[in-house]
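Visitor: from the sequence below, what's the structure:
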Amino acid sequence: MKTRTVMASLILAIVGLIAPALAAEDATGTWKWTTTFGDKTRETTAKLKQEGEKLTGVYVGRDNMETPIEAGTVKDNAVSFKIVREFNGNKITIKYSGTLSGDTIKGKTEVEGGNQQTPPRDWEAKRQK
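Guide: Take a look at the predicted model:
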């Protein structure tokens, strides 16, 4: 009986140490990164809120114009969302995907629509404190 109690205590202690490490991180916060188009570099901001696997928020573009993110998800630290914007009557969809690790999201972006069909580009955002 004493052996079972010791084993049960040991298992609970191990689970208590491992469980926080296995928990997915939270993507909630303000994130910034730079984007370069041709010879122009712009700082970009997204304000994200995570509830379970659902990710909502806004992309803050030029002139502080906010565009809601769409199809936002976080699953096992994999983050994805897209924004749809309109330029000169053309709809442009930018898809973001990456891996959340602490205060960094690293991944790829893809631009679709309008006259811009670009190959995936590296993307790295930093959470602001």
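Visitor: neighbouring strands of whichever strand or helix holds residue 122 in the sheet, and parallel or not?
Guide: If you go by DSSP states H and E, residue 122 is part of strand 118-127. Paired strands of strand 118-127, with direction, are strand 29-37 (antiparallel), strand 104-112 (antiparallel) (DSSP bridges).
Visitor: could I have the CA atoms of the first one written out in PDB?
Guide: Output for strand 29-37, consisting of C-alpha atoms alone and laid out as PDB, is shown next (Å, rounded to 0.1, in the frame of the first residue of the first chain):
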ATOM      1  CA  GLY A  29      -0.800  40.800 -27.400                       C
ATOM      2  CA  THR A  30       0.500  43.500 -29.700                       C
ATOM      3  CA  TRP A  31       2.900  42.200 -32.400                       C
ATOM      4  CA  LYS A  32       5.200  44.200 -34.600                       C
ATOM      5  CA  TRP A  33       7.300  43.400 -37.700                       C
ATOM      6  CA  THR A  34       8.800  45.100 -40.700                       C
ATOM      7  CA  THR A  35       7.700  44.500 -44.300                       C
ATOM      8  CA  THR A  36       9.700  45.500 -47.300                       C
ATOM      9  CA  PHE A  37       8.000  46.200 -50.700                       C
END
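Visitor: mind checking how far that strand is from the chain centre?
Guide: Offset of strand 29-37 from its chain centre (C-alpha atoms, centre = their mean, to the nearest Å): 11 Å.
Visitor: just the strands paired with strand 118-127: most buried one?
Guide: Neighbour counts (mean count of other C-beta atoms under 10 Å) averaged over each of the strands paired with strand 118-127 peak at strand 104-112, with a mean of 16. To be clear about C-beta, it is placed using only N, CA and C from the backbone, and glycine gets the same treatment.
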